[in-house]
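[1] Below are the sequence and a predicted model for it; my questions follow.
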Amino acid sequence: MVNVADVQVVINAALTGSCSADGTSITVTSFSPKSGPIGTLVAVAGSNFGTAPQIQLSQLGGGSLSPPVSSSSATSLSFVVPAGAANRPAHGDTSSGNATSSSPFTVTPSTAFTISAGPASATVMQGQSAAYVVSLATTNGFNQLAQLSLTGVPAGITAVFKPPALSAGQTSVLTLTAPTGQTVATSNLSISAGATIDGLAVTQSASVSLAVAAPTTSLLGRTVVTDALETR
């Protein structure tokens, strides 16, 4: 399972304005919160911010963003994380200096989802099929389609999702079909659902196992009872 909070944007504060007479450098000592979705108000603490501080963040697709500073003083400022903030380091320079926080701000999706699959294990006979039911759920309003994918399938086995994408509250049936000559073995499969939320790639996974077995032949016995009243 992917931890969707592990997408990071480094806050680099390009702080313009006057520097102190003794040449004291601009510093960023802390910021809060440490993570949040697009639209989060971030408070930055430091020193010598001057009269017109600015923030620069890298933009998805290239370039940079300069979100408006909501409030500022010589020792603090705040800004709102804008849509399109990239998950790579940002950088800012001014004639009066710049400052960078020592730790990154983690951009998290505004919504999220989880998937589950069952049964946890299944057996498919050579020449036949087995099926799993995949479900998607959310607790905070995810309403997009998440594309389904599968890894770990042994060569020779075909896999089909119906439907191939899900939204919250929906289910899909994964059917796996083994040819008659499929190797007898057990495999661990990973079923994943992926979507892009606020420009961030989000993936969640569920694990199942699949056993391929050879067909067996059983002899059905039949008991014959003699009828004492049998007519000739």
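    Arrived safely.
[2] what about residue 196, neighbour count?
    12 (other Cβ atoms under 10 Å). Glycine gets a C-beta too; all of them are placed from N, C-alpha and C.
[3] no no, residue 135
    Neighbours of residue 135 (other Cβ under 10 Å): 17.
[4] Repeat that for residue 161.
    The burial count for residue 161: 18, using other Cβ under 10 Å.
[5] One more: the one 5 residues further on?
    Taking other Cβ under 10 Å as the neighbour definition, residue 166 ends up with a count of 23.
[6] Leaving out sequence neighbours, find the closest residue to it.
    Nearest residue to residue 166 in three dimensions, chain neighbours excluded: residue 136, at 4.2 Å (Cβ to Cβ, 6 or more residues apart in numbering).
[7] Hmm, residue 170 and that neighbour touching each other?
    Yes - in this structure, residue 136 is within contact of residue 170 by Cβ atoms under 8 Å, at 6.0 Å.
[8] Of those two, which one has the most company?
    With neighbours defined as other Cβ under 10 Å, residue 136 and residue 170 compare such that residue 136 has more, 23 against 14.
[9] Regarding that one, which helix or strand does it belong to?
    Using DSSP states H and E, residue 136 sits in strand 129-137.
[10] can you pull the buried residues of that strand?
    Neighbour counts using 16 or more other Cβ atoms under 10 Å place 130, 132, 134, 135, 136 of strand 129-137 among the buried residues.
[11] mean confidence for it?
    Rounded to a whole number, the mean pLDDT of strand 129-137 is 98.
[12] Show me what it is in contact with.
    The contact list for strand 129-137, computed with Cβ atoms under 8 Å, 6 or more residues apart in numbering, reads 113-119, 122-124, 146, 148, 161, 166-178, 191, 193, 206, 208, 210.
[13] Over to residue 51: give its phi and psi.
    Dihedral pair for residue 51: phi -100, psi -20, per degrees, to the nearest 10.
[14] do the one 5 residues further on as well
    The phi and psi values for residue 56, taken as degrees, to the nearest 10, are phi -130, psi 130.
[15] try residue 143
    According to degrees, to the nearest 10, residue 143 has phi -130, psi 20.
[16] before we move on, the earlier item: if any of the contacts of strand 129-137 are buried, give me the PyMOL selection for them.
    Buried residues within those, by 16+ other Cβ under 10 Å, are selected in PyMOL with:
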select buried, resi 113+114+115+117+122+124+146+148+161+166+168+172+174+176+177+178+191+193+206+208+210
